[in-house]
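quick one: sequence and predicted model below, then my questions.
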Amino acid sequence: MKKHYSSILRTAIFFGIAGGLTGSCGSDKNKTDVGAVKSLNKCPVVAEKVALGNDTLIVADINLADETILLKLSDIADDIKLIKLDNNDEALTGQGMTWVTEKRIIIYSEGVVRQFDHTGKYLGKIGNKGQGPGEYTIAPYDIYVDEEAGRIYLSQYSATDLFTYNAADGTFIGNIPLAHTLEKGRINVDTKNETVTVAAMPFEDSEDLSNIWTQDLKGNVKTAVTKPWIATERDFSNEIFAGNSAGTTGFDYSMFYLAPRADSLYVYHENDLHPVFTSSLGSKPDKIPMHEYLSTPSFFAVVLFDQPEPAGEMSYIIPSTTPFIVDRKSLRGNFAHLMLDKFGPIVIEDNWLQQSSAKFFSMTFDPGVLLDMMDKAPQEHEAVDKPVIDLMNTLKESISPDDNNYVIIGKWKK
């Protein structure tokens, strides 16, 4: 996968469409060229804990990596499913941004937000693209689902309101005014307690520089956290990541800067941002590569990017490299490719961490790409039993290039 940027904004992230989704890594002693599987607990210690005031900061050193390992998805995620999306005309969707909740898969593609359940059943559209009530003019930036309340909340770019929809049929209910314009940001809505939590990406010239604020459903601010040094220049290629992979105590908050700088991944709890993870990339400020810090409940990750490449008029792509993974508890880690071992020795080399749902692993595949990956997978591998190889071959026979997309999901282990 490659990141796509324009001079105005970062567009949707596409999974599984770039080259190099399968390949070799690890030892050359294997029966195949896919590589040897290795768990994080067999890797070297690549990070240390540093006291920072009242906080404890994990500092990773990517120079301590000794190889590129091959992780099994089943080692880092539970309840793994391969879901075939409904194939009727209304349900057909291209590659796009995907959100996964406990009951739903929501995909934005080609101007339409569609929702499916975890069996792939099409549940209908959510709103429409346009300029009327409940319509998004560019694209949704974030979506939050309150399953208990039966509500779906959507924030678009430069939002002044959140759109509220009925989760059952996707119909528009009304707006929630935001206390501040949300250029880019993540949202969490507690419908029962009438509270909205917003994780914002503040630009240096913004009227308000709050990184996090909570408000009521009428737009009145209740609490706010402001860290001015996190603010960035007004370039919509910069990005924010925020999600509840940190657990019940709060949620993660980090930034991608197009002009890279030394930074950290934070956790928001007790009405403050606490630094929890960084890396040695900032030791030479004049040589910091483009990077981002991501996390799941069990590990942190550093994703590096190669130099931008032209991709048409007023746009370019920034290819990412293999993620560097650090276990939260043992501080062991390495660069890691990922094997979708529940479905065969199918290997993904990079960008298998680009999800919009912090609780879930998810990847969306065009059926033709999925077939190609299965064709390239070996017919035996030390980490995959023969019944799984047989399953992969059976799946190949059942998949048609004319199918709707397939989605693989799993719940991150803690």
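Perfect, I can see it now. Numbering: from 1, shown residues only.

ok, residue 222 - how many residues close by?
Residue 222 has 13 neighbours, counted by other C-beta atoms under 10 Å. (Glycine included, C-beta is placed from N, CA and C.)

list the contacts for it?
Taking C-beta atoms under 8 Å, 6 or more residues apart in numbering as the criterion, residue 222 is in contact with 195, 213, 214, 215, 216.

strands - which of these land there?
195, 213, 214, 215, 216 (DSSP state E).

name the SS class of the most centrally placed residue in the chain, please.
Relative to the mean C-alpha position of the chain, the nearest C-alpha, by C-alpha atoms, centre = their mean, is the one of residue 355, at 1.9 Å. Residue 355 falls in the coil class when you classify it by DSSP: H, G, I helix; E, B strand; the rest coil.

separation between it and residue 410?
Noted for residue 355: a distance of 11 Å to residue 410, by C-beta to C-beta, to the nearest Å.

list the residues that contact both of those two?
361, 362.

turn the contacts of residue 222 into TSV, columns for distance to residue 207 and neighbour count.
Below are these laid out as TSV (distance: C-beta to C-beta, whole Å; neighbours: other C-beta atoms under 10 Å):
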residue	distance to residue 207	neighbour count
195	23	15
213	13	22
214	18	18
215	16	21
216	20	15
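
just how off-centre is stretch 85-102 within its chain?
When C-alpha coordinates are averaged (C-alpha atoms, centre = their mean, to the nearest Å), stretch 85-102 and its chain have centres 16 Å apart.

how long is that stretch end to end?
Terminal residues of stretch 85-102 are spaced 17 Å apart (C-alpha to C-alpha, to the nearest Å).

got a list of contacts for it?
The contact list for stretch 85-102 (C-beta under 8 Å, 6+ apart) reads 12-17, 105-110, 112, 114, 116, 120-122, 124-125, 139-140, 143, 145, 147, 355-357, 359-360, 362, 364, 366, 402-407, 409.

how many neighbours does residue 315 have?
Residue crowding around residue 315 was assessed by other C-beta under 10 Å; the count is 14.

also residue 219?
For residue 219, the tally of surrounding residues (other C-beta under 10 Å) stands at 16.

how much space between the nearest residue to it once chain neighbours are set aside and residue 75?
Nearest-residue entry for residue 219: residue 177, 3.7 Å, with adjacent residues in sequence omitted and distances by C-beta to C-beta, 6 or more residues apart in numbering. Summarising the geometry, the distance separating residue 177 from residue 75, computed by C-beta to C-beta, is 45 Å.

and for residue 89?
For residue 89, the distance to residue 75 (C-beta to C-beta) stands at 39 Å.

quick one, strands of the stretch 151-300 of the chain?
151-156, 159-166, 172-182, 185-190, 195-200, 212-216, 221-225, 239-243, 251-256, 265-269, 272-279, 291-295, 299-304 (DSSP state E, counting those that start in this stretch).

quick one, the fifth one and strand 212-216 angle?
Using axes from the mean of the first three to the mean of the last three C-alpha atoms, to 10 degrees, the direction of strand 195-200 lies 150 degrees away from that of strand 212-216.

ok, now the first one?
Taking the same axes, to 10 degrees, one finds that strand 151-156 is oriented at 130 degrees with respect to strand 212-216.

partner strands of strand 151-156 and their direction?
Paired strands of strand 151-156, with direction, are strand 140-146 (antiparallel), strand 159-166 (antiparallel) (DSSP bridges).

what of the longest one?
Take DSSP bridges as the rule and strand 172-182 pairs in its sheet with strand 159-166 (antiparallel).

ok, back up a step: which one of residue 177 and residue 75 is surrounded by more residues?
A side-by-side neighbour count of residue 177 and residue 75, using other C-beta under 10 Å, places residue 75 first with 17 against 14.
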